[in-house]
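**Q** quick one: sequence plus predicted model below, questions after.
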Amino acid sequence: MKITIHTDGAASGNPGPGGYGAVLESGKHRKELWGGYRLTTNNRMELMAVIAALEALKSPGMDVLVVSDSKYVVDAVEQGWLFGWERKRWAKVKNPDLWKRFLQVFRKHKVKFEWIRGHNGHPLNELCDQLAVAASKQSVLAVDEGYEAQAETLL
């Protein structure tokens, strides 16, 4: 079964409150996902959108196309940088907690990525952006523990 996932992430301030949005489509089925965090970065939310969508898949071995406007996420996978980071045990890599989580779910499926230009009128990318921004503005936001723990070590 083929699944197409559209994703986007947003942060108001970088770092600041952030959110992600994803739309999963398979045949006539469609599911929307979103979540917000009190302190995070745009890149973390771009990656979190992909992770949340892949984690929502019910069966392993799915054929998945992820459509994203994040060069950070798309290039890390498609250019193979991610696998070099893993071999070097995440030395000097930002967001290793999320990249490790991503790899766990990525390896359960056959995943390809397609980059699209953001804010360019693509309906599902615009919807994901709206979901991400709305998620970041919720009155109760989750703690991005990976980011906040990392930020505390820098203080």
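**A** Now that the structure is in, tell me what you want to look at.
**Q** show me where the chain has helices.
**A** Listed in chain order, the helices of the chain (DSSP state H) span 42-55, 71-78, 81-87, 96-106, 123-136, 145-154.
**Q** to E114, which of the ones you listed lies closest?
**A** Each of the helices of the chain has some distance to E114 by C-beta to C-beta; the shortest is helix 71-78, at 7.5 Å. Where you see a C-beta, it was placed from the backbone N, CA and C, and this is true even at glycine.
**Q** list the buried residues for that closest one?
**A** 72-74, 76-77 (16 or more other C-beta atoms under 10 Å).
**Q** let me have the residues you listed in JSON lines, extended by pLDDT and distance to W115.
**A** Listed next are those as JSON lines, based on pLDDT from 0 to 100; distance: C-beta to C-beta, whole Å:
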{"residue": "Y72", "pLDDT": "97", "distance to W115": "10"}
{"residue": "V73", "pLDDT": "98", "distance to W115": "9"}
{"residue": "V74", "pLDDT": "98", "distance to W115": "4"}
{"residue": "A76", "pLDDT": "97", "distance to W115": "11"}
{"residue": "V77", "pLDDT": "97", "distance to W115": "11"}
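**Q** where in this structure is pLDDT low?
**A** 152-155 (pLDDT under 70).
**Q** in CSV: the helices of the chain, plus distance to G18.
**A** Compiled in CSV, these are given as follows (distance: least, C-beta to C-beta, whole Å):
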stretch, distance to G18
helix 42-55, 4
helix 71-78, 14
helix 81-87, 21
helix 96-106, 12
helix 123-136, 5
helix 145-154, 9
